[in-house]
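Peer 1: fold the stuff below for me.
(one chain, ligands or ions: 1)
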Amino acid sequence: MELSNAKSYLIPPPKKQMSGNKTRPHTLRRILLAFRPYWVQVTLAILAILSTAVLNLCVPLLIPLVFDDAIAKKNLSHLFLYAFIMMVATVLAGLTGVLQTYLNNIFGQQIMRDFRNQLYTHLQDMPLRFFTSNRTGEIQSRLSNDISGVQIAVSETFTTIATNIITTVTIVIAMFYISPLLTLTVFVLLPPFLWMTFKIGKVRHRASKAMQESLASLSALMQETLSINGILLIKTFGRKQFAKRLFEVENQKLTRLGIRQQMVGRWFFMFVYTFFTLTPVTVYLIAGSLIILHIPAIKISSGGIFAFILLQSKFFSPFTQLLTLHVNLQGALALFERIFEYLDLPVEIQDTPDARRFSPGDIRGEVAFTDVSFTYRRDTYALSTESAEAKERATRRKPDKSVTLQEPPQLCSEVDDQNTLTNISFHIKPGMLLALVGPSGAGKTTLTYLLTRLYDVDSGAITIDGYNIKEIALDTLGNLIGVVTQETYLFHATVRENLLYARPDATDEEIIAATRAAAIHDRIIELESGYETVVGERGYKLSGGEKQRLAIARVLLKNPQILILDEATSSLDTQSERLIQAALVPLMTKHTTIAIAHRLSTILAADMIIVLDKGRIVEHGTHQELLERAELYAGLYKQQFAHLPPKTI
Ligand code: ATP
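Peer 2: Take a look at the predicted model:
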């Protein structure tokens with residue numbers, strides 16, 4: 001009971017499939033398009049396959065001559081000649097086979113590389129909403145497991161298809177040449193076989209898809225529960241047993257699906273081999289009877305019978321592989337569909353064709369919000385391929401301003417309740433410090449997300465120096481705005497590399513100037529390898545305050561026109577807090593700053609304070625003005641700061 005309930009909040013429910021179990025018609029076309037850049041290698045590989053198939057026919061086609069010409073007429077020189085041709089053809093077939101595998105590997109690996117690049121680039125373009133709607137483990141699984149899975153389809157399946165089609169065609173021609181009637185007998189038996197294979201293929205396709213989904217789910221669960229934060233949560237809440245059981249349930253599901261998948265495959269092979277053993281028996285029976293009964297329709301020498309028997313056995317082998325391949329291909333198509341599903345997700349936030357690019361000096365840092373409203377959409381991004389239904393849902397949720405203005409107050413508040421931010425308007429002159437204050441969940445962080453275009457506004461406009469941010473190229477916007485948050489992310493790289501991330505061309509002097517200003521230089525040189533010490537996820541662990549000062553140095557190096565500061569410092573001791581405050585001074589004095597203010601010093605220094613409550617601006621003014629109004633701000637101030645001696649920056 002506990003398990004199923006708990007699972008429902010810990011793990012999002014399985015996603016709806018966008019297209020059910022059916023392969024979308026354009027999937028095959030898209031796969032073929034991936035081959036297009038490598039058409040030269042593909043053509044050469046096909047030629048190599050064709051040569052191998054023709055060379056392989058030499059032995060069976062020479063058999064009637066060996067029997068009916070060389071042996072029957074006791075001609076030793078002809079026997080040697082036929083044997084020599086057979087040997088040379090066999091060796092050449094082996095060599096062309098190797099050449100074909102080589103060519104096939106070249107384009108197979110390159111196509112995989114292209115898919116990985118495409119998917120990674122597309123994921124980089126996804127908005128934050130996509131990452132908050134999907135588990136990291138699942139995203140990574142698609143990038144690594146699924147693409148490795150389809151590698152089989154690209155490099156092996158291509159060879160199998162081409163080799164077996166060409167071999168089958170050449171063998172059928174040779175069989176017809178020897179005996180059309182016997183060939184037709186073999187063909188009559190094929191349709192029931194094909195039908196059964198198709199049916200089993202469908203079951204295997206479903207099993208393979210379910211298996212991949214279960215694998216992705218398990219790796220997402222592992223990623224969540226074995227990450228540092230996940231393990232911390234589990235340990236501090238004493239939920240080890242719970243996590244273990246949750247894992248066992250998923251693991252058991254995977255085991256069950258694995259057994260099912262293997263068994264479907266085993267049944268398939270049992271069916272294939274039984275059929276192929278019985279088919280020749282039928283052919284021998286018919287051909288034998290016709291010969292014994294002296295029916296003239298069959299005119300075949302003993303050498304011809306040997307050759308036909310050999311060809312027939314060779315015909316079954318590629319046919320088996322082609323039919324098995326159909327089953328494997330179904331599994332591979334399922335993987336391709338999963339990849340295309342991600343590639344097809346719309347890029348919501350992107351540059352317009354005429355997006356403006358500015359160099360840092362061109363912008364003064366004047367920020368204006370005009371009537372901005374925003375709501376976090378509740379639909380999962382992975383599902384919303386902008387289906388008509390999703391669009392309709394999204395439109396339904398958008399507040400209709402004309403209605404809001406005209407409807408009575410109760411109805412307004414109903415619409416407002418759904419909005420994270422409603423009708424936000426303010427204006428900051430270059431170099432000003434704006435402090436955002438308000439209760440938890442009021443929308444302060446969201447407001448800063450809109451300025452950086454991590455999300456786009458639903459209505460209204462945000463401008464920088466009079467330019468709508470939607471007209472500014474995203475990389476320019478990224479350069480103009482610097483963000484310092486309480487949660488500092490450092491890459492698993494050296495201190496220097498982490499700093500250079502802000503500005504790759506920064507000189508050593510500039511780096512040191514920035515770290516000195518951020519009061520972290522002295523600490524860095526104390527580290528075992530100074531600026532070359534590896535920090536980050538698995539590197540040297542810096543304290544929260546040290547990490548934050550390093551992040552401040554990174555932003556100082558970037559020198560943005562607009563600074564966003566999320567300055568929660570509750571986890572820091574007084575000494576660290578002082579150091580951070582000192583580090584922030586050079587940033588805040590030079591740049592337009594929007595600070596989510598948790599420190600009295602910032603609030604007192606602010607040119608304007610905006611008080612947010614439930615997504616609306618409820619008050620604005622200076623500290624003194626707001627205190628005199630004795631409303632929400634005055635209450636918050638009393639609650640948090642009134643008993644403390646004011647600190648100065
Ligand atoms: P705090 O001071 O606690 O950080 P805040 O004022 O910064 O709060 P926001 O983080 O902006 O508040 O959140 C505003 C509202 O939006 C909250 O109700 C929050 O639950 C909701 N919210 C935040 N992020 C998302 C998200 N990705 N999806 C849906 N709702 C969200």
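
Peer 1: contacts, neighbours, all on C-alpha from now
Peer 2: Noted.

Peer 1: what residues does this protein have near the ligand?
Peer 2: By CA under 6 Å from any ligand atom, the residues of the chain that approach the ligand are Thr132, Tyr376, Thr420, Ser440, Gly441, Ala442, Gly443, Lys444, Thr445, Thr446.

Peer 1: burial measure for the first one, as a count.
Peer 2: For Thr132, the tally of surrounding residues (other CA atoms under 10 Å) stands at 11.

Peer 1: next: the third one.
Peer 2: Neighbours of Thr420 under the rule other CA under 10 Å: 19.

Peer 1: I'd say it and Tyr376 touch.
Peer 2: Yes. In terms of CA atoms under 8 Å, Thr420 counts as a neighbour of Tyr376; the distance is 6.8 Å.

Peer 1: show me what stretch 434-445 is in contact with.
Peer 2: 420-421, 428, 566, 593-598, 602-603, 606-616, 633, 636 (CA atoms under 8 Å, 6 or more residues apart in numbering).

Peer 1: how far off centre is that stretch?
Peer 2: Offset of stretch 434-445 from its chain centre (CA atoms, centre = their mean, to the nearest Å): 33 Å.

Peer 1: list the buried residues in that stretch.
Peer 2: For stretch 434-445, burial by neighbour count (16 or more other CA atoms under 10 Å) applies to Leu434, Ala435, Leu436, Val437, Gly438, Ala442, Gly443, Lys444, Thr445.

Peer 1: one more: stretch 192-199?
Peer 2: Those would be Thr197, for stretch 192-199 by 16+ other CA under 10 Å.

Peer 1: now Phe358, what's its secondary structure?
Peer 2: Following DSSP: H, G, I helix; E, B strand; the rest coil, the label given to Phe358 is coil.

Peer 1: which parts of the stretch 201-350 of the chain are helices?
Peer 2: 228-236, 240-292, 302-343 (DSSP state H, counting those that start in this stretch).

Peer 1: how many neighbours does Arg30 have?
Peer 2: 12.

Peer 1: and the gap between it and the ligand?
Peer 2: As judged by CA to the nearest ligand atom, to the nearest Å, Arg30 and the ligand stand 33 Å apart.

Peer 1: before we move on, what about Lys590?
Peer 2: For Lys590, the distance to the ligand - CA to the nearest ligand atom - is 25 Å.

Peer 1: the closest residue in space to that residue that isn't next to it in sequence: what's it in contact with?
Peer 2: Nearest residue to Lys590, sequence neighbours excluded (CA to CA, 6 or more residues apart in numbering): Gly431, at 6.2 Å. Neighbour list for Gly431: Gly365, Glu366, Met588, Thr589, Lys590, His591, Thr592, Thr593 [criterion: CA under 8 Å, 6+ apart].

Peer 1: Gly431 belongs to a helix?
Peer 2: No. Read with three-state DSSP, Gly431 is coil and lies in no helix.

Peer 1: need the phi and psi values for it.
Peer 2: Here is the backbone geometry of Gly431 (degrees, to the nearest 10): phi 80, psi 0.

Peer 1: now Thr463
Peer 2: The phi/psi pair for Thr463 (degrees, to the nearest 10) is phi -120, psi 150.

Peer 1: do you know how far it is from the ligand?
Peer 2: 20 Å.

Peer 1: so Thr515 sits against His521, correct?
Peer 2: Yes. With contact defined as CA under 8 Å, Thr515 counts as touching His521 (4.8 Å).

Peer 1: neighbour count: these two, which is higher?
Peer 2: Remark: of Thr515 and His521, Thr515 carries more neighbours, 25 against 20, as counted by other CA under 10 Å.

Peer 1: pLDDT at Gln252, what is it?
Peer 2: We have a pLDDT of 94 for Gln252.

Peer 1: in this structure Phe306 contacts Ile63, no?
Peer 2: Yes. With contact defined as CA under 8 Å, Phe306 reaches Ile63; the gap is 7.3 Å.

Peer 1: the contacts of stretch 434-445 in helices, which ones?
Peer 2: Residues of the contacts of stretch 434-445 located in helices (DSSP state H): Thr602, Ile603, Tyr633, Leu636.

Peer 1: circling back to that earlier point, Phe306 and Ile63: which has the busier surroundings?
Peer 2: Ile63 (22 against 15).

Peer 1: how about the more buried one, what does it touch?
Peer 2: Per CA under 8 Å, 6+ apart, neighbours of Ile63: Gly303, Gly304, Phe306, Ala307.

Peer 1: same check on Leu57?
Peer 2: Contact analysis of Leu57 by CA under 8 Å, 6+ apart lists Thr170, Ile171, Ala174.

Peer 1: name the helix or strand for it, please.
Peer 2: Using DSSP states H and E, the element containing Leu57 is helix 39-65.

Peer 1: likewise for Leu103?
Peer 2: Per DSSP H and E, the secondary structure element for Leu103 is helix 76-125.

Peer 1: helix or strand next in line after that helix, which one?
Peer 2: helix 128-133.

Peer 1: who's Ala368 bridged to?
Peer 2: His427, Thr463 (DSSP bridges).

Peer 1: please report how far the closest residue to the ligand within the stretch 101-250 of the chain lies from Tyr376.
Peer 2: Here the stretch 101-250 of the chain gets closest to the ligand at one residue, Thr132, 5.8 Å apart by CA to the nearest ligand atom. Here the criterion is CA to CA, to the nearest Å. By it, Thr132 lies 11 Å from Tyr376.

Peer 1: go on, Ala220?
Peer 2: The gap separating Ala220 from Tyr376 is 24 Å, by CA to CA.

Peer 1: which of the two has more neighbours?
Peer 2: Of the pair Ala220 and Tyr376, Ala220 is the one with more neighbours under other CA under 10 Å, namely 21 against 14.

Peer 1: please name the nearest non-neighbouring residue to the more buried one.
Peer 2: Using CA to CA, 6+ apart, the nearest residue to Ala220 is Gly137, at 3.8 Å.

Peer 1: wait, a strand at the one you found?
Peer 2: No. With three-state DSSP as the criterion, Gly137 is assigned helix and is not in a strand.

Peer 1: Ala514 contacts Ala551, doesn't it?
Peer 2: No. Using CA under 8 Å as the test, Ala514 is too far from Ala551 to be in contact (10.4 Å).

Peer 1: hey, where'd the strands end up in the stretch 351-500 of the chain?
Peer 2: Listed in chain order, the strands found in the stretch 351-500 of the chain under DSSP state E, counting those that start in this stretch are 367-374, 421-428, 433-437, 459-464, 467-468, 481-484, 493-494.

Peer 1: strand 421-428 and the third one, what's the angle between them?
Peer 2: Going back to what we said before, that points to strand 433-437. 160 degrees (axes from the mean of the first three to the mean of the last three CA atoms, to 10 degrees).

Peer 1: any idea how far strand 433-437 is from the middle of the chain?
Peer 2: With CA atoms, centre = their mean, you get 37 Å for strand 433-437.

Peer 1: quick one: strands adjacent to it?
Peer 2: Sheet pairing here is set by DSSP bridges, and for strand 433-437 it gives strand 592-596 (parallel), strand 608-613 (parallel).

Peer 1: turn those strands into a markdown table, including mean neighbour count and mean pLDDT.
Peer 2: Below are these laid out as a markdown table (neighbours: other CA atoms under 10 Å; pLDDT from 0 to 100):
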| stretch | mean neighbour count | mean pLDDT |
| --- | --- | --- |
| strand 592-596 | 26 | 90 |
| strand 608-613 | 23 | 91 |
